[in-house]
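[1] model the following, please.
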Amino acid sequence: IGILNKLQTHNFIINSTINTGFLKTDVNYASISDNHTNIWFGAMANIAYNLQLDDTFSLYPVITAGYTWIKNETQNSTYSDDLQNQTFGFFEVTPALNAVKHIGNNWYGTLGVKYVMLSNTDKNITINDTEIEIPTVDNYTEYGISLEKQTNSFAFKATIGRHDGDLTGWIGDLNIKYIF
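    Numbering: from 1, shown residues only. Below you'll find the model as predicted:
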């Protein structure tokens, strides 16, 4: 669950988001089961500048900064692993460039590229009273294309893209936003 706020003054745009959620996973086998729960809270802001090249085409240089905090509950797995309460988080700083084309009738196409820089605040978790190093994701480049349709109350967006660097692979996203 999240909230997005957008402020625009002349050609400067500031977007901010906060979100929270939980992920509860129940894994059931024939005779055993495991339960895992994580909660998170995140806050992020970005500043963009609209370089309008003509009536239907703009370039947006963007800088984004944010933080995500994650906490897990104490759990004993069916394999007798005791995962103690943990909290950890990571910072993200991301410069980006987006090229946006207004196709017509509130349809928009976007080509984008960004360089994601991540930094973990914690380096270890504790399992069975033993500290274990958290796997980390280092910097990576992401690029993609999206198509968006805007109405008075909703924005619908589909994206396909790719990560290269410490994360490598294809990504996709379908997004629906309610605008109020």
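[2] check the chain for its longest strand and report it.
    strand 86-104 (DSSP state E).
[3] in it, what counts as buried?
    86, 88-90, 94, 96-100 (16 or more other C-beta atoms under 10 Å). Placement of C-beta: from N, CA and C, glycine included.
[4] quick one: the strands in this structure, in order.
    Under DSSP E, the chain gives strands at 2-9, 12-28, 33-49, 51-54, 57-72, 75-76, 82-83, 86-104, 107-120, 124-127, 130-133, 140-150, 154-165, 169-178.
[5] okay, those in CSV with mean pLDDT next?
    Below are the strands of the chain laid out as CSV (pLDDT from 0 to 100):
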stretch, mean pLDDT
strand 2-9, 91
strand 12-28, 86
strand 33-49, 86
strand 51-54, 96
strand 57-72, 93
strand 75-76, 57
strand 82-83, 59
strand 86-104, 91
strand 107-120, 94
strand 124-127, 70
strand 130-133, 77
strand 140-150, 96
strand 154-165, 96
strand 169-178, 92
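[6] who's residue 110 bridged to?
    Residue 110 has these beta-bridge partners by DSSP bridges: residue 100, residue 146.
[7] that should have said residue 6, apologies.
    residue 15.
[8] closest one to residue 150 out of the buried residues of strand 86-104, please.
    The shortest approach to residue 150 among the buried residues of strand 86-104 belongs to residue 100, at 11.9 Å (C-beta to C-beta).
[9] which ones are touching the closest one?
    For residue 100, the contact set (C-beta atoms under 8 Å, 6 or more residues apart in numbering) comprises 57-60, 108-110.
[10] now list the buried members of these.
    For the contacts of residue 100, buried by 16+ other C-beta under 10 Å: 58, 60, 108, 110.
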